[in-house]
Every structure is written in C-alpha cells, then in structure tokens.
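Enquirer: Predicted model and sequence follow; I will ask about them next.
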Amino acid sequence: MTAYDVLIIGAGVVGNAIARELSRYRLKVGVLEKELDVGMGTSSRNSGVLHSGIHYTPGTLRAKLNVQGNEMMKGLCRDLKVKIDYIGKLTVAQDQVDIDTLESLKAQGETNGVPGLEIIDRDRMEQIQPGVGGIRALHSPTTGIICPYGLTMALADNAHENGVRFHLGAKVTGISKTENGFTVQTDEGGSFESKLLINAAGLYSDAICRMLGLTEYTIYPCRGEYLILDKRLNGSLKVLVYPAPRKGGAGLGIHLTNTVDGNILIGPSNEYVDRADDYACTADIIDQLKKEGRELLPAISTSDFIRGFSGLRPKQTPPAIKGFKEFVIEARKDIPGFINLVGIESPGLTCSPAIALMVRELVAEHLPLEEKDHFISERQGFPGSFDDLPEEEKADLVAQDPDYGEIVCRCEHITKREILDAIENPLGSKTLAGIKYRARAMMGRCQGGFCMPRIVQILEQDFGYRPEDYRLYSRDSYLFTGRVR
C-alpha cells in the first residue's frame, strides 16, 4: 500500500495545477487518474479560451478566480513553455435585446475588475475583425487563447519533475475514512493511504462524493460539439467572436475560436446527455455548426471542415434549469481532511492556477507547508515546436540529432525526434492520443492518414511494442486487434 500526505483524484487541468502547486512543498503528493494519460476528459476537449471575467456574477468564486487566473496565466505559460496569446474577444449583438445584454456584461465585468472593456460600433468592429456580422460588440482585450491539453500535460510534467507521482489507469472504486486519513481502492487492485484527499474528478466528482457518503451533489454531463477548420483560414480571424448570450442557455453559445496552432474552432453546442463518457458527434449538430459558423465568418467553404469532436461540461444544473451554478471548493468539516471540488466547468481552465492557490490554503489548514529548497519552476527539456524555430536553429538541431531531419507528419511538419520525445514522455503514457497531444502529429488535414502508420512503425521498430499493445485513447479503445495477411 502506497502512502501519501496528499492524494489527488483526477489529472485534469485543475488536478494537475493543484499537484504542481503542492509540489513546491515538502509533501508526498500522488495523483490517481482513471485514464491512461492526463487530461483526457474535459481538459482536452474545450475551446482553449482564457476568459476575461465578464460572464460571472460579481462576488462569486467563478468571477474572482476567473480574473485572478487570467492574470496568472501569462507567467505560468512562460515557465511551462506553453503557447498563449491574448488576442481579445468581440461579443456581438444582432438586435437591441443583445445590446442591452452587452451593457450588462460590461458593467458586470468592470465590477469584477476586468480591464479595458468597451462597447464598439459597426465601424470599429470592422477595423478589429473585417467581415464580422452584427450591429454592436463588447470588446474584451484580456480574453486569450491557449492550448488546453498542452497546459494540462505541462502542469503534470512539471509536477512530476518536482516529485509528484502519477498513477495512470487507476480508477477509484472505493474510499474509506480512517483514523489517520483515507484508504483509497482502485480497480487494478492497488491501494493507497493518504492524510488528505482532494476530489478533482470533474465529470465523476459526484461519484467520488458518494463513496464518502455525500449525496447532495449531482453532475449533469452537458455535451458540446465542435468543428475544426483547416489552416487555410489561419489569419482570417483576428479576435475571438462570440454571440451575445441568451438567457437560459447551458453555455455561451456557438462561436468562432482561434487556436494557438492556427486552426479555427466552431462551437460548442450544448446538449445534456445521460453518460459522462458520451463524446458522440451528431449529424444535426454538425449541420447547425456549419450554418452558424458561416454566418459569423462567410469565407468558410465546405472543404475547410476537417474534423469534429465533442467535450463534456460537468454541470451542477439539470436540463430543466440550465444556466450556471457556483463552483464547489470546500474543506469538509464532517469529513476532516477531505477537500472537495465539484462542478468546475467553464471557466475552469482559466481559473485553474487560482484554484490551485485556494486549495493550497485549505491544505495548509491540515498540514504544515515547508517550501523546498530547489523547486523547479520552469519546465525542463522541452525545446518547443521544431517547425516554429528559425532555419538556423533547425539546421543546428538536425546536425546534433538526425531525427530532427526526418518529417513523420507532413501536415503539421512534425519530426521523428518530436515523436520519439512524445513516446518517451515522463509520465509513461502509452496511447496514440498521448503522442498526438504531445507532438501534435495526426492533427493536420489528413488526420493521421499519412503519419499514423509511420508512428506505429516507430513504436514497433524503435521500442519493440506490438501495435495491438497500444491503445488509441482508453483501455478499451483498441486500434489493432491482430494481424492479417
């Protein structure tokens, strides 16, 4: 049985941010994750937007943590070498009702401390984003974009460098309160003891609560579908473009979102589903996304749509109510040592570093926090994307390591060295999705049609793996089941 001072359930962006923050101190910290890699749920399936803080009621945790997290993210991404860009956002009004909404959002944002908010007319909108529809817009310059799975994995890598142990493929099946803390059982037969237990299980946070006898929380999975546009349109969208939100919605409406890698996303839709693993993409929603995307950016053509995907929000509000409910971040008095996070949906990505600070203070109420002498704040051994480097630096790297001179992914210009580094990731993940998110292979126009066979060949020839031993995503997602002649 492995013993920890602090055990975190869930390796999404929030769980990993907490793990990294606690790794500053002389604590033995462990993370349990039911999937075969970190960030495989909500944290890798979203718009990657850093929200400014205009959408949330003043005085709430959502509002406070949103603005604080937005301010922290630039320095965090610098240290972790994660792409980030504060490009700003236009929230667009189509009629007088929407204009009234913009006025309310501006006032709310200013109360929350969001800087630089301005309602602009049609001419100013055209200057910021040529071709955008609408009659007025709220401009929020501190809205940004980030690679959500890149941040999630970078937080985990850095936490691991600082001594945090990650147990992947370890689904929690039972929790017992003990005199000295907690005993946690997993489906692989492993048992863990911990003085403190942190529930950061996202879509499954209510299930973790029930294991401790807490029945007041229910998560209602709400699916958002997206379409990814080809990089041909890179540069056509200067800022994020959102519609003015309508009352009673489960999200912020379908919008256009730049990504830090040059694609544009259309989405998300919002549809409540029964299961917390229902990532289906549906024909009706795809048609809706195409229609609404063209209304916001008329330059889109049919050939620009290269892939769809979906994500799930861990909502606390049921379908009959919709809307948003306050985050739950609590140290339970009735279960000493249990720190509980429930309903961390949007803007959870933006809030994650601020949530980590809040949880650190809750941990400090139970355990002494003594800082380490040599905390590693910057992510080590990560040169960034080879394709983004100047030609001189590329030539130097190729001279040092010929694997930089072999292109494996033609669409994204990903080298063999980058594939090898992704396979040899410090967390020991062994999925094709993990390679995809770390190296950005299989994300281009052909969606792996060219590079996936080559990656499988590398796994076989360079590492001795049988293709059927690798998974696409989760335990049951077999890419190969045998061989044929």
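Expert: All right, it came through fine.

Enquirer: just the strands in the stretch 351-485 of the chain please.
Expert: 407-409, 414-415 (DSSP state E, counting those that start in this stretch).

Enquirer: From the chain's centroid, how far away is the shortest one?
Expert: It refers to strand 414-415. 23 Å (Cα atoms, centre = their mean, to the nearest Å).

Enquirer: Any stretches of the chain with poor pLDDT?
Expert: 248-253, 382-383, 481-485 (pLDDT under 70).

Enquirer: Got the domain ranges for it?
Expert: With automatic domain parsing as the criterion, the domains of the chain are listed as 1-83+144-219+316-382, 84-143+221-314, 386-469.

Enquirer: Tell me which of these sits nearest to Leu479.
Expert: domain 386-469 (6.4 Å; Cβ to Cβ). Every C-beta, even on glycine, is put in place using the N, C-alpha and C of the backbone.

Enquirer: Quick one: end-to-end distance for the closest one.
Expert: 29 Å (Cα to Cα, to the nearest Å).

Enquirer: Stretch 158-171 too?
Expert: Stretch 158-171: ends 23 Å apart by Cα to Cα.

Enquirer: can you list the residues that contact that stretch?
Expert: 2, 4, 11, 16, 19-20, 22-24, 28-38, 79-80, 156, 186-188, 190, 192, 372, 375-380, 426-429, 475 (Cβ atoms under 8 Å, 6 or more residues apart in numbering).

Enquirer: among those, which ones are buried?
Expert: Using 16 or more other Cβ atoms under 10 Å as the burial test, these include 4, 11, 16, 19-20, 22-24, 28-38, 80, 156, 186, 192, 379, 427, 429 as buried.

Enquirer: Please flag which of these sit within strands.
Expert: 4, 29-33, 186, 192 (DSSP state E).

Enquirer: Just give me the closest of those to Gly308.
Expert: Using Cβ to Cβ, these come closest to Gly308 at Glu33, 25.7 Å.

Enquirer: Please name the nearest non-neighbouring residue to that closest one.
Expert: Ala11 (3.7 Å; Cβ to Cβ, 6 or more residues apart in numbering).

Enquirer: which residues sit in contact with that neighbour?
Expert: 19, 31-33, 35, 38-39, 152, 156, 166, 168.

Enquirer: can you give me the helices in the stretch 301-450 of the chain?
Expert: All helices of the stretch 301-450 of the chain, identified by DSSP state H, counting those that start in this stretch, fall at 348-364, 391-400, 416-423, 432-439.

Enquirer: Give me the secondary structure label for Cys222.
Expert: strand (DSSP: H, G, I helix; E, B strand; the rest coil).

Enquirer: didn't it look like it was pressed against Gly311?
Expert: No: using Cβ atoms under 8 Å as the test, Cys222 is too far from Gly311 to be in contact (9.4 Å).

Enquirer: Report the secondary structure element holding Gly75.
Expert: In the assignment (DSSP states H and E), Gly75 maps to helix 61-80.

Enquirer: who's the residue lying closest to Leu22 once chain neighbours are set aside bridged to?
Expert: Of all residues beyond its chain neighbours, the one nearest Leu22 is Val29 (5.0 Å), with distances taken as Cβ to Cβ, 6+ apart. Beta-bridge partners recorded for Val29 (DSSP bridges): Val6.

Enquirer: Can you tell me how far Met73 is from Val13?
Expert: To Val13, Met73 is 11 Å away according to Cβ to Cβ, to the nearest Å.

Enquirer: And those two? Which one has more around it.
Expert: Taking neighbours as other Cβ atoms under 10 Å, Met73 and Val13 compare with Val13 leading, 35 against 23.

Enquirer: tell me the contacts of that one?
Expert: Residues in contact with Val13 (Cβ under 8 Å, 6+ apart) are 39, 43, 148, 151-152, 155, 348-349, 352.

Enquirer: Name the nearest of those residues relative to Ala283.
Expert: After measuring the contacts of Val13 against Ala283 - Cβ to Cβ - the closest member comes out as Pro148, at 26.1 Å.

Enquirer: What is the burial count for the closest one?
Expert: 27.

Enquirer: What separation is there between the residue lying closest to it once chain neighbours are set aside and His160?
Expert: Nearest residue to Pro148 in three dimensions, chain neighbours excluded: Gly48, at 4.4 Å (Cβ to Cβ, 6+ apart). Gly48 is 23 Å from His160, where distance means Cβ to Cβ.

Enquirer: what's stretch 131-142 in contact with?
Expert: Outside stretch 131-142, the residues within contact range by Cβ under 8 Å, 6+ apart are 52-54, 70, 86, 88-95, 98-99, 102, 105-106, 109, 114-122, 124-126, 128, 239, 241, 244, 295-299.

Enquirer: picking that back up, tell me the one of the contacts of Ala11 nearest Arg275?
Expert: Nearest member of the contacts of Ala11 to Arg275, counting by Cβ to Cβ, is Glu35, at 15.4 Å.

Enquirer: picking that back up, with distance to Leu479 as extra columns, can I get the domains of the chain in JSON lines?
Expert: Formatted as JSON lines, those follow (distance: least, Cβ to Cβ, whole Å):
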{"stretch": "domain 1-83+144-219+316-382", "distance to Leu479": "13"}
{"stretch": "domain 84-143+221-314", "distance to Leu479": "17"}
{"stretch": "domain 386-469", "distance to Leu479": "6"}
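
Enquirer: quick one, which of the ones you listed is packed in tightest?
Expert: domain 1-83+144-219+316-382 (a mean of 20; mean count of other Cβ atoms under 10 Å).

Enquirer: for it, the distance to its chain's centre please.
Expert: 12 Å.

Enquirer: Same check on stretch 256-268?
Expert: For stretch 256-268 - counting by Cα atoms, centre = their mean - the centre lies 14 Å from the chain centre.

Enquirer: again, but for stretch 460-471
Expert: Distance, centroid of stretch 460-471 to centroid of chain: 28 Å (Cα atoms, centre = their mean).

Enquirer: With stretch 429-445 instead?
Expert: The mean C-alpha position of stretch 429-445 is separated from the chain mean by 15 Å, Cα atoms, centre = their mean.

Enquirer: end to end, how far does that stretch reach?
Expert: 25 Å.

Enquirer: what does it contact?
Expert: 36-40, 44, 149-150, 153, 168, 230-231, 261, 306, 385, 408-412, 414, 418-419, 421-423, 425, 448, 451-452, 455, 465, 469-474, 479.

Enquirer: how about a cut-off of 7 Å?
Expert: Contact with stretch 429-445 is made by 36-37, 40, 44, 149, 153, 168, 230, 261, 306, 408-409, 411-412, 414, 418-419, 422-423, 425, 448, 451-452, 455, 470-473, 479, as judged by Cβ atoms under 7 Å, 6 or more residues apart in numbering.

Enquirer: What of stretch 469-476?
Expert: 35-36, 40, 169, 430-433, 459, 477-479.

Enquirer: looking at this, Ile8 is in a strand?
Expert: Yes: checked against three-state DSSP, Ile8 lies within a strand.

Enquirer: Please look at it and Ile18 and confirm they touch.
Expert: Yes: counting by Cβ atoms under 7 Å, Ile8 does reach Ile18; the two are 5.9 Å apart.

Enquirer: Identify the contacts common to these two.
Expert: Joint contacts of Ile8 and Ile18 (Cβ under 7 Å, 6+ apart) are 198, 200.

Enquirer: what helices or strands is the one helix or strand Val92 maps to leaning on?
Expert: According to DSSP H and E, Val92 maps onto strand 89-93. In terms of contacts (3 or more Cβ pairs under 7 Å, 6 or more residues apart in numbering; DSSP states H and E), strand 89-93 is packed against helix 96-112, strand 136-140, strand 240-243.
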